[in-house]
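J.: Provided below are the primary sequence and the corresponding predicted coordinates.
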Amino acid sequence: MNFKKLNIGFIILLLIIGSVFSQGIASPDEDLFGSEDPSLINTDENSLFGSDESIETILDEDAVFGSEDSEEISPVESDNLVQEVTDNQMNDLGSVLLTSDSGVDFGGNFFFDTSSTWTGFDLEDLAGSSITDNLSLDLGATVFLDARPDEDTRVFVKTEITSPFYTTTERKFEDIVTITELFADFNWNKQVFFRAGKQTVNWGVGYFFSPADLLSLSRIDPENPDADLDGPIALKVNYPSKLNNYYFYTVFPAEISCYSDIAIAPLAEFVVGNTEVSLGAYYQYDHAPSAMTAITTVLGDVSVYGEGYASYGSDKTFVADNGFSTVTYNDTLFYKATVGASYSWSDDLSNYNLSFSGQYYYNGEGYSNPDLVNMTSPEIMSLLTSESISTSDLVETGRHYGAVSAGWREMWGSDLSLSIFYIENFSSFSGMIKPSISWNGLDNIDISLSVSRMFGDPGEEYSMSGSISSISLGVSIGGTSF
């Protein structure tokens, strides 16, 4: 038998079958590509780049895979099977992936949450408890618009709309519709990248506390640490170099009248192995200059992080040691530091989806004597009334803090999830512990039940009303992304 003729005949037979097969599947292009023209393909940018937004792109299928009119490749000419892609071809592909016909992507999320809370349980005398109830409603949506007319330009707008949808003396239009982000991205020669406008900036790596986050306008809520923080209006310049990144921020305050109101903030990020280190500084005229450092790494299966902060002086007003007056410090060094760790584990059957986060925080601007800043003291009330001190000066008044959260999601593969959260100001020995259980067995409806126990003396940071317990029942209806 002539094996050479057999091999050639076998190859010809395969080519004939392939040609018939390609003709056979030419008609159901609508099922494969969503269009009668197979050159129209919807590409999800999220799967390509890890972004939260998706864009529709147009790819030329013939250019990528070769058209049916391409010459047949001889088995002898196997070198033609692999071709080197030129830089121009890569740039063309990048342009296709980062742009779309309309150039605009639109989306967001909707939320409708209700919560009933019963407060005032006295664990030592339940029958004598003076219980108050409260019903709250949280209705709104977050909407974003992502415009990418070409691969070098992007404009992003994100707004938050919240109820109640009417204006009063306390609630104005800007409280109903809030611009959370509004910026444009562009670059110079694909080497230096710019972002101009209101933007989210997270310098720190802490989960519950982040003293190194020098630019964010709001603080982390330890009970909701994953929420976005309010960012400043700034011009960010980014120069990437291999795995490292160098940034320079020009920060514009909300109320600006002269150049001295502008702040500058450089930041450098270095990657060494599985460790990332950040170094940054912040300077604004007539404000305390400050510097930060942050580090993240992995020890086995545990993620570990730390932050450090130092400032020459403080922008806060402090209660003097006598308790009756205030004092400011312009030439004193203040330090803050935090360390934390997180761990998650899941078995092969997903019966145990466990997570843990813990963090310690040292606040150098805190008080060693918590009685000086007790909110029930007549001295503090007098200072607040006379506006000698503000409520923002009385935030994080302790020296030492700790927070822990643990969760068991979808217990034993069910619709139930269990979590517990704990936080304490170790200087005043006030804090809160909050176990919760949630159920998502109904489509578009999530139900949660939590019990909170606040402990500490009345007027302390986490126990304004003293040691007290509360029960909350929350229902989320129709929450979805679009």
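T.: Great, that's in hand.
J.: Please enumerate the helices of this protein.
T.: With DSSP state H, the ranges of helices along the chain come out as 3-24, 29-33, 45-49, 61-65, 87-98, 173-176, 378-385.
J.: in the sheet, who's paired with the closest residue to residue 141 other than its chain neighbours?
T.: Leaving aside its sequence neighbours, residue 141 sits nearest to residue 110 (C-beta to C-beta, 6 or more residues apart in numbering; 4.7 Å). (Each C-beta comes from the backbone N, C-alpha and C, glycine too.) Taking DSSP bridges, one finds residue 141, residue 480 as the beta-bridge partners of residue 110.
J.: try the one 4 residues further on
T.: Taking DSSP bridges as the rule, residue 114 bridges to residue 137, residue 475.
J.: give the contact list for it.
T.: If you count contacts by C-beta atoms under 8 Å, 6 or more residues apart in numbering, residue 114 has them with 135-138, 474-475, 477.
J.: And it, what's its pLDDT?
T.: Here the pLDDT value assigned to residue 114 is 94.
J.: any idea how far residue 166 is from it?
T.: 19 Å (C-beta to C-beta, to the nearest Å).
J.: burial count for the closest residue to residue 298 other than its chain neighbours?
T.: For residue 298, the nearest residue in space outside its immediate sequence neighbours is residue 274; the separation is 5.0 Å by C-beta to C-beta, 6+ apart. By the criterion of other C-beta atoms under 10 Å, residue 274 has 10 neighbours.
J.: Ok, the one 10 residues further on next?
T.: By the criterion of other C-beta under 10 Å, residue 284 has 17 neighbours.
J.: Who's the closest spatial neighbour of it, skipping the chain neighbours?
T.: Using C-beta to C-beta, 6+ apart and skipping the chain neighbours, the partner closest in space to residue 284 is residue 263 (3.7 Å).
J.: before we move on, what about residue 409?
T.: Closest residue in space to residue 409, ignoring its immediate chain neighbours: residue 353 at 4.2 Å, by C-beta to C-beta, 6+ apart.
J.: Ok, residue 153 next?
T.: Distances taken as C-beta to C-beta, 6+ apart put residue 186 closest to residue 153, at 5.4 Å, once the chain neighbours are dropped.
J.: What is the neighbour count of that neighbour?
T.: 14.
J.: Enumerate every residue touching it.
T.: Taking C-beta under 8 Å, 6+ apart as the test, what residue 186 contacts is 152-154, 193-194, 196.
J.: Tell me the pLDDT of it.
T.: pLDDT for residue 186: 96.
J.: for it, which residues make a bridge with it?
T.: Beta-bridge pairing of residue 186 under DSSP bridges involves residue 194.
J.: Also residue 363?
T.: The partner list for residue 363 in beta bridges (DSSP bridges) reads residue 336.
J.: so where is the stretch 201-350 of the chain shaky, pLDDT-wise?
T.: Segments of the stretch 201-350 of the chain classed as low confidence (criterion: pLDDT under 70) are not present in this model.
J.: give me the number of residues near the residue nearest to residue 237 when sequence neighbours are not counted?
T.: In space, not counting the residues next to it along the chain, residue 237 is nearest to residue 248; the distance is 4.6 Å by C-beta to C-beta, 6+ apart. The burial count assigned to residue 248 is 14, neighbours taken as other C-beta under 10 Å.
J.: got the contact list for residue 248?
T.: When contacts are counted by C-beta under 8 Å, 6+ apart, residue 248 touches 236-237, 264-267.
J.: One more: residue 211?
T.: Shown in contact with residue 211 (C-beta under 8 Å, 6+ apart): 204, 292, 307-309, 336-338, 361, 363.
J.: what about burial for the contacts of residue 248, which qualify?
T.: 236-237, 265, 267 (16 or more other C-beta atoms under 10 Å).
J.: among the residues you listed, which are in strands?
T.: Restricting the buried ones among the contacts of residue 248 to those inside strands, with DSSP state E as the criterion, leaves 236-237, 265, 267.
J.: Can you tell me which of the residues you listed lies closest to residue 457?
T.: Using C-beta to C-beta, residue 265 is the member of those that lies nearest residue 457, at 39.0 Å.
J.: count of residues packed around the closest residue to that closest one other than its chain neighbours?
T.: Excluding the flanking residues, the one nearest residue 265 by C-beta to C-beta, 6+ apart is residue 249, at 4.2 Å. Here the count is done by other C-beta under 10 Å, and residue 249 has 23 residues near it.
J.: middle-most residue in the chain, spatially?
T.: residue 228 (5.1 Å; C-alpha atoms, centre = their mean).
J.: Show me the protein divided up by domain.
T.: The record's domain parsing of the chain by automatic domain parsing lists 1-28, 39-101, 106-481.
J.: Out of those, indicate the one that is most buried.
T.: Of all those, domain 106-481 carries the top mean neighbour count, a mean of 16, counting by mean count of other C-beta atoms under 10 Å.
J.: Just the terminal-to-terminal distance for it.
T.: One end of domain 106-481 to the other measures 11 Å (C-alpha to C-alpha, to the nearest Å).
J.: Just list the residues touching the residue lying closest to residue 408 once chain neighbours are set aside, thanks.
T.: What sits nearest to residue 408 in space, not counting adjacent residues and going by C-beta to C-beta, 6+ apart, is residue 418, at 4.6 Å. Applying C-beta under 8 Å, 6+ apart, we find residue 418 in contact with 407-408, 411, 435-437.
J.: which two in those residues are spaced the farthest apart?
T.: In terms of C-beta to C-beta, the contacts of residue 418 reach their longest pairwise distance at 411 and 435, which sit 13.6 Å apart.
J.: Residue 203 and residue 293, how far apart?
T.: Distance, residue 203 to residue 293, by C-beta to C-beta: 10 Å.
J.: Also residue 121?
T.: Residue 121 sits 44 Å away from residue 293, going by C-beta to C-beta.
J.: okay, and the common contacts of residue 203 and residue 293?
T.: When contacts are counted by C-beta under 8 Å, 6+ apart, residue 203 and residue 293 have 212, 278, 280 as shared neighbours.
J.: just checking, the first one touches residue 309?
T.: Translated: residue 212. Yes - with contact taken as C-beta atoms under 8 Å, residue 212 and residue 309 are classed as touching, separated by 5.4 Å.
J.: who touches both of these two?
T.: When contacts are counted by C-beta under 8 Å, 6+ apart, residue 212 and residue 309 have residue 292 as shared neighbours.
J.: Mind putting the ones in strands among the buried ones among the contacts of residue 248 into TSV with distance to residue 224?
T.: Converted to TSV, those look like this (distance: C-beta to C-beta, whole Å):
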residue	distance to residue 224
236	26
237	32
265	26
267	26
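J.: for residue 209, what are its contacts?
T.: Taking C-beta under 8 Å, 6+ apart, we find residue 209 in contact with 220, 222, 338, 359, 361, 401, 403.
J.: Closest one of the residues you listed to residue 470?
T.: Looking at these and their distance to residue 470, the nearest is residue 222, at 17.0 Å (C-beta to C-beta).
J.: Go ahead and confirm that closest one touches residue 423.
T.: Yes - between residue 222 and residue 423 there is a contact at 5.3 Å, judged by C-beta under 8 Å.
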